[in-house]
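K.L.:
Sequence and predicted model, in that order:
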Amino acid sequence: MKYYTVGQINTYIKNIIESDYLLKNLIIKGEVSNCKYHSMGHIYFSLKDENGSMPSVMFKGNVPSGLKFRLEDGQSVFVQGSISVYERDGRYQLYARKIVQDEDTKGKLFAEYEKLKQRLYEEGLFDFEVKKKIPEFPRKVGIVTAQTGAAIQDIMNIAKRRNPYVQLILYPAKVQGEGAAETIARGIRKLDTMGLDTIIVGRGGGSIEDLWAFNEEIVARTIYEAKTPIISGTGHEVDNTIADYVADLRAPTPSAAAELAIPDVMSTIRNVSSLRLQLDRSINNKVQEHKSKLQNLRLRLDAKSPEKMLRDRQQYLVSLTDGLHNSMMNKFNSYQRRFEVSVARLDGLSPTAKLKGGFGYVEAGDKPLTSVKQVKSGDIVNITISDGSLKTIVQ
């Protein structure tokens, strides 16, 4: 059976598109949406009009020369570039080389947004004086969002982590597309009758089109008329909807809204446990400290007792006696060694010591005989040796 791989088909289609002369260099007019600046410097966005949408990208190398303003959602622009296929996803997209803003319009949606925001502001729907205080320790929290979206999962996870005892009540609303605004308003009105402490209204991030339901007047007025405090957590941190301005408290994301609505009771419990451990540790340390002080006082008291002092004096006396004896013996031995050395030296200097080795002391008359010239034949010479003396005649 003859078959082709997905990669082969994607490459084939890419080659067909890139071989089309028209698609190599063209200018397309449209409205920017889903604009994202990548950390690497690339810009990803969609170019749309009333009939469709086209994924687009401008790579970092083209930005300095091809874009003279900051690209944002809702701008009407002319994009010059080429069409090709991103083979990994099998998706065609516009590779922008130059983007010029259409100065005639800022986008229909943004114009409607600004117009409604200004009108509601003038009516006082955004005034801080009318905003209700968010309960510090709620027991029941209502949520108006999509039943299967990431927002509800994030809120549930945060609630479980921060305070699993809070009851969450979800009104599954349509948060995007036709009829979404009416569903959201209906959910707010329903939860407002249930005696809840707080209501969270919101959804995850998206383009201005995705978030438009939260810019509808019906949603804004329903939030304003509700008796229950409402926290709006719509989109990402950079997104601002009219619901955010009307709500009693604005959160940058649904997760942040959950953190604002639900206090971190589990953290408080952990802090109390930690403080209890610290208190026990502090008490034990104090007890040990006083025990050590008591032990030191006992040792000092024992050191001052007469019996202890007498024992110490006796021990000191014994030590002195031993020291004196040792000192005397050392002195005696030292003097004895010095005496023996002196005796040996004195014996070495004695004339009679030399006589023991066979030497003799010779006298001619009463003077020592030091030269043969002092005597002649027939003279009497006295010789003293080790055990006596001899009287001799010189021959």
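P.N.:
Yep, it's here.

K.L.:
Strands of the stretch 51-200 of the chain, residue ranges please.
P.N.:
Using DSSP state E, counting those that start in this stretch, the strands of the stretch 51-200 of the chain run over residues 52-58, 76-86, 91-101, 140-145, 167-172, 198-203.

K.L.:
could you dump those strands to CSV with mean pLDDT and distance to residue 278?
P.N.:
Every C-beta, even on glycine, is put in place using the N, C-alpha and C of the backbone. Below are the strands of the stretch 51-200 of the chain laid out as CSV (pLDDT from 0 to 100; distance: least, CB to CB, whole Å):
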stretch, mean pLDDT, distance to residue 278
strand 52-58, 92, 55
strand 76-86, 89, 57
strand 91-101, 90, 58
strand 140-145, 95, 32
strand 167-172, 94, 33
strand 198-203, 94, 33
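
K.L.:
got those strands as a markdown table, with distance to residue 362 columns?
P.N.:
Formatted as a markdown table, the strands of the stretch 51-200 of the chain follow (distance: least, CB to CB, whole Å):
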| stretch | distance to residue 362 |
| --- | --- |
| strand 52-58 | 133 |
| strand 76-86 | 134 |
| strand 91-101 | 135 |
| strand 140-145 | 137 |
| strand 167-172 | 137 |
| strand 198-203 | 138 |
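
K.L.:
Could you look over those and pick the most buried one?
P.N.:
Neighbour counts (mean count of other CB atoms under 10 Å) averaged over each of the strands of the stretch 51-200 of the chain peak at strand 198-203, with a mean of 29.

K.L.:
Low-confidence stretches in the stretch 1-150 of the chain?
P.N.:
Residues of the stretch 1-150 of the chain meeting the criterion pLDDT under 70: 21, 103-108.

K.L.:
and stretch 251-262, C-alpha only, in PDB?
P.N.:
Only the C-alpha atoms of stretch 251-262 are listed here, as PDB (Å, rounded to 0.1, in the frame of the first residue of the first chain):
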ATOM      1  CA  ALA A 251      -7.800  40.700  40.500                       C
ATOM      2  CA  PRO A 252      -5.400  40.300  37.600                       C
ATOM      3  CA  THR A 253      -6.300  36.600  37.100                       C
ATOM      4  CA  PRO A 254      -8.900  34.100  38.300                       C
ATOM      5  CA  SER A 255      -6.200  32.500  40.600                       C
ATOM      6  CA  ALA A 256      -5.500  35.900  42.100                       C
ATOM      7  CA  ALA A 257      -9.200  36.400  42.600                       C
ATOM      8  CA  ALA A 258      -9.400  33.100  44.600                       C
ATOM      9  CA  GLU A 259      -6.500  34.200  46.700                       C
ATOM     10  CA  LEU A 260      -8.200  37.500  47.500                       C
ATOM     11  CA  ALA A 261     -11.600  35.900  48.300                       C
ATOM     12  CA  ILE A 262     -10.300  33.000  50.300                       C
END
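
K.L.:
Now tell me what touches it from outside.
P.N.:
With CB atoms under 8 Å, 6 or more residues apart in numbering as the contact definition, stretch 251-262 has outside contacts at 134, 138, 141, 145, 151-152, 154-155, 158-159, 162-163, 166, 198, 200, 202-205, 231-237, 249.

K.L.:
for stretch 157-171, same thing?
P.N.:
With contacts defined as CB under 8 Å, 6+ apart, stretch 157-171 is touched by 138-145, 147, 152, 155-156, 187-188, 190-191, 194, 196, 255, 258-259, 262-267.

K.L.:
What of stretch 354-369?
P.N.:
Contacts of stretch 354-369 (CB under 8 Å, 6+ apart): 351, 374, 375, 379, 381, 382, 383, 384, 385, 386.

K.L.:
What residues of it count as buried?
P.N.:
Within stretch 354-369, the residues scored as buried using 16 or more other CB atoms under 10 Å are 362, 364, 369.

K.L.:
Output the residues you listed in JSON lines; the columns should cover distance to residue 275.
P.N.:
Putting the buried residues of stretch 354-369 into JSON lines (distance: CB to CB, whole Å) gives the following:
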{"residue": "362", "distance to residue 275": "113"}
{"residue": "364", "distance to residue 275": "118"}
{"residue": "369", "distance to residue 275": "115"}
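
K.L.:
Please flag which of these sit within strands.
P.N.:
When DSSP state E defines the strands, the subset of the buried residues of stretch 354-369 inside them is 362, 364.

K.L.:
Closest one of the buried residues of stretch 354-369 to residue 182?
P.N.:
Using CB to CB, residue 362 comes nearest to residue 182 of the buried residues of stretch 354-369, at 154.7 Å.

K.L.:
residue closest to the middle of the protein?
P.N.:
Central residue of the chain (CA atoms, centre = their mean): residue 267, 19.6 Å from the mean position.

K.L.:
Next one: that one, what pLDDT does it get?
P.N.:
On the pLDDT scale, residue 267 is placed at 78.

K.L.:
Ramachandran angles for it?
P.N.:
Main-chain torsions, residue 267, degrees, to the nearest 10: phi -70, psi -40.

K.L.:
one step back: of the strands of the stretch 51-200 of the chain, which approaches residue 116 most closely?
P.N.:
When these are compared by CB to CB, strand 198-203 sits nearest residue 116, at 17.2 Å.

K.L.:
The closest one packs against which elements?
P.N.:
Packing partners of strand 198-203 (3 or more CB pairs under 8 Å, 6 or more residues apart in numbering; DSSP states H and E): strand 140-145, helix 150-162, helix 180-192, strand 230-234, helix 254-261.

K.L.:
wait, which of the ones you listed is closest to residue 276?
P.N.:
Among these, helix 150-162 sits nearest to residue 276 (CB to CB), with 20.6 Å.

K.L.:
Okay, buried residues for the closest one please.
P.N.:
151, 152, 154, 155, 158, 159, 162.

K.L.:
now swap in stretch 233-242 and tell me
P.N.:
Of the residues in stretch 233-242, 233, 234, 235, 239, 240, 241, 242 count as buried by neighbour count, 16+ other CB under 10 Å.

K.L.:
First-to-last residue distance for it?
P.N.:
11 Å (CA to CA, to the nearest Å).

K.L.:
Quick check: pLDDT value at residue 207.
P.N.:
With respect to pLDDT, residue 207 scores 68.

K.L.:
pretty sure residue 182 is touching residue 218, no?
P.N.:
Yes: in terms of CB atoms under 8 Å, residue 182 counts as a neighbour of residue 218; the distance is 6.4 Å.
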